[in-house]
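S.K.: kindly generate the corresponding structure for this input.
(one chain, ligands or ions: 1)
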Amino acid sequence: MSTRAYNFSAGPGMLPLPVLEQVQRDIVDWGDRGVSIIEVSHRSKPFGLIMDSLRERIRRLLSVPATHEILFCAGGAASQFAAIPLNLAAKQSGAYVVSGHWSRKALKQAQRFTNPAVVTDNQDLSGLSMAPVGEWSFPKDAAYLCYTDNETVNGLLLPSLPKMPYPVVCDMTSSLFTGEVDWSSHDLVVASAQKNIGPAGITLLIIRRDLCDRETMPQTPIPLSYAELLKADSMPNTPCTFALYVCELVCQWMEDEGGVSEMSRRREERSKVMYDVIDSDPLYTSNLDPSYRSSINVVFQLADESLQDTFLGQAKHAGFHALKGHRVVGGCRASMYNAMPVKGAYALADFMRDFSKRHG
Ligand code: PMP
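M.R.: Numbers count the residues shown, from 1 in each chain. Now for the predicted structure:
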């Protein structure tokens, strides 16, 4: 087998090797049953046990309180951008914090059905022109507040928000399981699986139980309705069984590795290693205010832009994959989700210093 690369892909992201090896076995013959894991009915007892275990592990890993339900839905976080207003804004519009690429998409989707308030709007996609939280205009009343704590494309991580008098919805697609969640200030958390939880194909929803009882807009599709998802045990249609099965293995891996506190420690170590190079070596720059820099998606530029393609080419050759920044912001981006070993960040930092010596 070839050596595995350090895969800095923004998503789908790297998965732990023991998980991939287990998948490799189960894809042909799942636990000596003579069938593949992807040939098993979602309604069968053995698959039901996977679902129970997955929910229990998520509850343990994230200390999800009894007030919140754990649901799974198809269609990615992008579909949740529609599901949120459809389910929660039948009577009143929501309010949106626009901090970058994904929160803007969430706002645009909500504008199709409702008239959302914009709490703050970060127009500058490549750098940082974020107004400080104290200057944001929160409406007195709203159906909910929606924000994205970690902007995957921009590499921008928001500080904790003040307590709100209405429900708070957060798109944690790139941050969930990389740190603790404060459940006293989060009523709905949504996250696509393909960064920290498993392969693409499933979205995790952790929702305060009573939000499932809100009157929905009449056009809400049944597979996107929170009440229907709850009623049908997250299976209003055939779910992506493969993704759910892999998510269970990834959650098991996270528990074995020391849980979310250990994931958070690794996240801080990896990003410190990266920002140390960016801040100390003149070949690399970051145009983000350090107080907003993401410790998950590290976005940086080469001071001499003409070297970028050479940098990316040599990095790939040396085993550091997918470092090209998102097309809307350009530059480079190292996405370091839970499965990225800490030594991957050290190795990339060494490569960057060496590249700078040769080309700086
Ligand atoms: N929100 C964030 C923060 C993301 O990073 C992404 C995907 N990169 C999305 C939403 C969209 O997720 P999906 O493509 O699964 O709909």
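S.K.: low-scoring stretches of the stretch 201-350 of the chain, by residue?
M.R.: Within the stretch 201-350 of the chain, no stretch has pLDDT under 70.
S.K.: which parts of it are helices?
M.R.: Along the stretch 201-350 of the chain, counting by DSSP state H, counting those that start in this stretch, helices occupy 226-231, 241-257, 259-280, 308-317, 342-359.
S.K.: can I get those helices in TSV including mean neighbour count and distance to Thr152?
M.R.: Every residue, glycine included, has its C-beta placed from N, CA and C. Shown next, in TSV, are the helices of the stretch 201-350 of the chain (neighbours: other C-beta atoms under 10 Å; distance: least, C-beta to C-beta, whole Å):
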stretch	mean neighbour count	distance to Thr152
helix 226-231	19	24
helix 241-257	20	18
helix 259-280	17	14
helix 308-317	15	19
helix 342-359	17	17
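S.K.: with distance to Trp30 added, can I get those helices in JSON lines?
M.R.: Formatted as JSON lines, these follow (distance: least, C-beta to C-beta, whole Å):
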{"stretch": "helix 226-231", "distance to Trp30": "26"}
{"stretch": "helix 241-257", "distance to Trp30": "9"}
{"stretch": "helix 259-280", "distance to Trp30": "27"}
{"stretch": "helix 308-317", "distance to Trp30": "35"}
{"stretch": "helix 342-359", "distance to Trp30": "30"}
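S.K.: once you drop chain neighbours, what's closest to the residue of the chain found nearest the ligand?
M.R.: Using C-beta to the nearest ligand atom, Gly76 is the residue of the chain that sits closest to the ligand, at 2.5 Å. Nearest residue to Gly76, sequence neighbours excluded (C-beta to C-beta, 6 or more residues apart in numbering): Ser192, at 4.8 Å.
S.K.: picking up where we left off before, against Asp171, how distant is the residue of the chain closest to the ligand?
M.R.: For Gly76, the distance to Asp171 (C-beta to C-beta, to the nearest Å) stands at 11 Å.
S.K.: find the residues that touch each one of these two.
M.R.: Overlap of the contact sets of Gly76 and Asp171 (by C-beta atoms under 8 Å, 6 or more residues apart in numbering) is empty.
S.K.: quick one, which of these two is more surrounded?
M.R.: Asp171 (28 against 18; other C-beta atoms under 10 Å).
S.K.: and for the closest residue to that one other than its chain neighbours, the neighbour number?
M.R.: In this structure, Asp171 finds its nearest non-sequential neighbour in Thr148, 4.4 Å apart by C-beta to C-beta, 6+ apart. As a burial measure, Thr148 scores 31 neighbours (other C-beta under 10 Å).
S.K.: reformat the helices of the stretch 201-350 of the chain as JSON lines; add distance to the ligand.
M.R.: Shown next, in JSON lines, are the helices of the stretch 201-350 of the chain (distance: least, C-beta to the nearest ligand atom, whole Å):
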{"stretch": "helix 226-231", "distance to the ligand": "17"}
{"stretch": "helix 241-257", "distance to the ligand": "11"}
{"stretch": "helix 259-280", "distance to the ligand": "16"}
{"stretch": "helix 308-317", "distance to the ligand": "20"}
{"stretch": "helix 342-359", "distance to the ligand": "20"}
